[in-house]
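In: Need a 3D model of the sequence below.
(one chain, ligands or ions: 1)
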Amino acid sequence: MATPANPLSDIHSAIGADEKPHADAFAAALLAWYDRHARKLPWRIPPKQSKSGVRPDPYRVWLSEIMLQQTQVATVRDYYEKFLDNWPSVEALAAAETEDVMKAWAGLGYYSRARNLNKCADEVASQHGSRFPKTADELRQLPGIGDYTAAAIAAIAFGEPVAVVDGNVERIIARQYRIETPLPAAKAEIRQLLTPLVPNERPGDFAQAMMDLGATLCSPKKPACSLCPVSEGCQAFKAGDAERFPRKAAKAEKPVRQGAVFVIRNGKDAVWLVKRPDSGLLGGMSALPGTDWSARKDGLTGEPALPFEGDWRKVGGVRHTFTHFHLQLEVWETDMTGAPPFKGWWSAPETLQTEALPTVMKKAIAAALPEAFRK
Ligand code: SF4
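Out: Below is the predicted model of the structure:
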């Protein structure tokens, strides 16, 4: 990639005094780069078509943006294709059973997103005639759509010139302006500085160009500033300290919670599963029965409260990290005839793969049945 020529020198010193020409230059340089280097993504309309007025299906933009929250593009691709195969339109998704949506989502994490997908599709189908509202303000009223997603859909699918701020964009703007305020306190300042840079023409491509710049050149470590289309106005580049930005408030250490799960087998390889309560962490997902997850520091001592008498064996442990805590689970196993004295169902080896099991539960089952999730 060659460094494109652009007229961005001293852009930021002039912003405020005469903002528009510099904002125009920033957008022009960024979009020219995007026209050549846009990532090819299954939910994206390439810049050539976008410039000629082709707009993406808002349903696809919404679906991809919900999936991309906290999740890498490479992971999302397969899930996105699978969802479109199963539910090609918002009406189809609105008609889907929540259980089936949870199963298709299993492994993507942050399961409240899947529950909200269903609710949002329902609301779009029933309240909006199966058409997504067109502005960020209206979109924000829908279940599971926050500031970022509302702005992304409005800009990309409907051409609204709004600031779309995700983690990548925060990094770029924090570096462009050498913002010393740490995140998250800097969020409002970042939005304020980005807003005048958003062009009225091609705001959706501008948003996607910012995302691509952050995902490729303006990386957290060792940004490729020599290839960057907006380096001339970048204060951190000039100062040679891009990696110092964005500044971040010191994070509190995550607490560790502990508990136990029970792999109950029916003598063969079927496993007893239960459904977690609909609300709360991993709400509505399938799971192994288990204890509560306690924050106590001493760990489990001896046997946990086993759910019934039997020949219990401790077969291992798993560790999993959630947003706000680490979880350490002991995995206990037993065989039984009949059924456990609580609600659930037997899942045979061939159906385990299709259960709505979150990753932590798959890890725990694999501790007892190493073959369970091998393809
Ligand atoms: Fe990021 Fe470097 Fe470009 Fe500045 S010049 S926006 S630090 S890649």
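In: Can you give me the distance of the closest residue to the ligand within the stretch 251-375 of the chain to residue 70?
Out: Per CB to the nearest ligand atom, residue 251 is where the stretch 251-375 of the chain lies closest to the ligand, at 22.7 Å. Placement of C-beta: from N, CA and C, glycine included. Residue 251 sits 16 Å away from residue 70, going by CB to CB, to the nearest Å.
In: repeat for residue 228
Out: Relative to residue 70, residue 228 is positioned 26 Å away (CB to CB).
In: neighbour-wise, which of the two wins?
Out: residue 228 (25 against 11; other CB atoms under 10 Å).
In: contacting residues around the residue minimising distance to the centre of the chain?
Out: Using CA atoms, centre = their mean, the residue of the chain that lies closest to the mean C-alpha position is residue 69, 2.1 Å off. Listed by CB atoms under 8 Å, 6 or more residues apart in numbering, the contact set of residue 69 reads 110, 113, 148, 149.
In: cool, and residue 173?
Out: With contacts defined as CB under 8 Å, 6+ apart, the neighbours of residue 173 are 165, 179, 190, 193, 194.
In: so which helix or strand takes in it?
Out: Here residue 173 sits within helix 167-176, counting by DSSP states H and E.
In: count of residues packed around residue 364?
Out: If we define neighbours as other CB under 10 Å, then residue 364 has 28 of them.
In: Please apply the same query to residue 110.
Out: Residue 110: 17 surrounding residues under other CB under 10 Å.
In: secondary structure class for it?
Out: coil (DSSP: H, G, I helix; E, B strand; the rest coil).
In: list the contacts for it?
Out: Residue 110 is in contact with 69, 70, 71, counting by CB under 8 Å, 6+ apart.
In: Can you lay out those residues as JSON lines showing pLDDT and secondary structure?
Out: JSON lines is the format used below for the contacts of residue 110 (pLDDT from 0 to 100; DSSP: H, G, I helix; E, B strand; the rest coil):
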{"residue": "69", "pLDDT": "88", "secondary structure": "coil"}
{"residue": "70", "pLDDT": "82", "secondary structure": "coil"}
{"residue": "71", "pLDDT": "87", "secondary structure": "coil"}
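In: show me what contacts residue 341?
Out: So residue 341 contacts 307, 308 (CB under 8 Å, 6+ apart).
In: Model confidence at it, what's the number?
Out: The model reports residue 341 with a pLDDT of 92.
In: Same check on residue 338?
Out: pLDDT for residue 338: 87.
In: Now it. Its backbone dihedrals?
Out: According to degrees, to the nearest 10, the main-chain angles of residue 338 amount to phi 80, psi -150.
In: Distance check, it against residue 273.
Out: Residue 338 is 16 Å from residue 273, where distance means CB to CB.
In: Which one's more surrounded, these two?
Out: Counted by other CB under 10 Å, residue 338 and residue 273 do not tie: residue 273 has more neighbours, with 22 against 6.
In: got the contact list for whichever residue of the stretch 51-200 of the chain sits closest to the ligand?
Out: With CB to the nearest ligand atom as the measure, residue 175 is the residue of the stretch 51-200 of the chain nearest to the ligand, at 3.9 Å. Residue 175 makes contacts with 218, 223, 234, 235, 236, 237, 242, 245, 246, as judged by CB under 8 Å, 6+ apart.
In: Residue 195 too?
Out: residue 163.
In: next one: residue 264
Out: 271, 272, 289, 307, 333, 334, 335, 336, 340.
In: Over to residue 234?
Out: Listed by CB under 8 Å, 6+ apart, the contact set of residue 234 reads 175, 176, 225, 228, 242.
In: try residue 31
Out: 47, 199, 202, 205, 206, 209.
In: how much space is there between it and residue 171?
Out: In this structure, residue 31 and residue 171 are 19 Å apart, going by CB to CB.
In: Likewise for residue 97?
Out: Using CB to CB, residue 97 is found at 40 Å from residue 171.
In: Between the two, which is the more surrounded one?
Out: Neighbour tally, residue 97 and residue 171, criterion other CB under 10 Å: the higher count belongs to residue 171, 23 against 9.
In: wait, that one sits on residue 217?
Out: No: assessed by CB atoms under 8 Å, residue 171 is found out of contact with residue 217, at 10.9 Å.
In: what does the stretch 101-250 of the chain put close to the ligand?
Out: Residues of the stretch 101-250 of the chain lying close to the ligand (CB under 6 Å from any ligand atom) are 172, 175-176, 217-218, 223, 225, 228, 230-231, 234, 236-237, 242.
In: could you dump those to TSV with secondary structure and pLDDT?
Out: Below are these laid out as TSV (DSSP: H, G, I helix; E, B strand; the rest coil; pLDDT from 0 to 100):
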residue	secondary structure	pLDDT
172	helix	98
175	helix	98
176	helix	97
217	coil	98
218	coil	98
223	coil	98
225	helix	98
228	coil	98
230	coil	97
231	coil	97
234	coil	96
236	helix	98
237	helix	97
242	helix	97
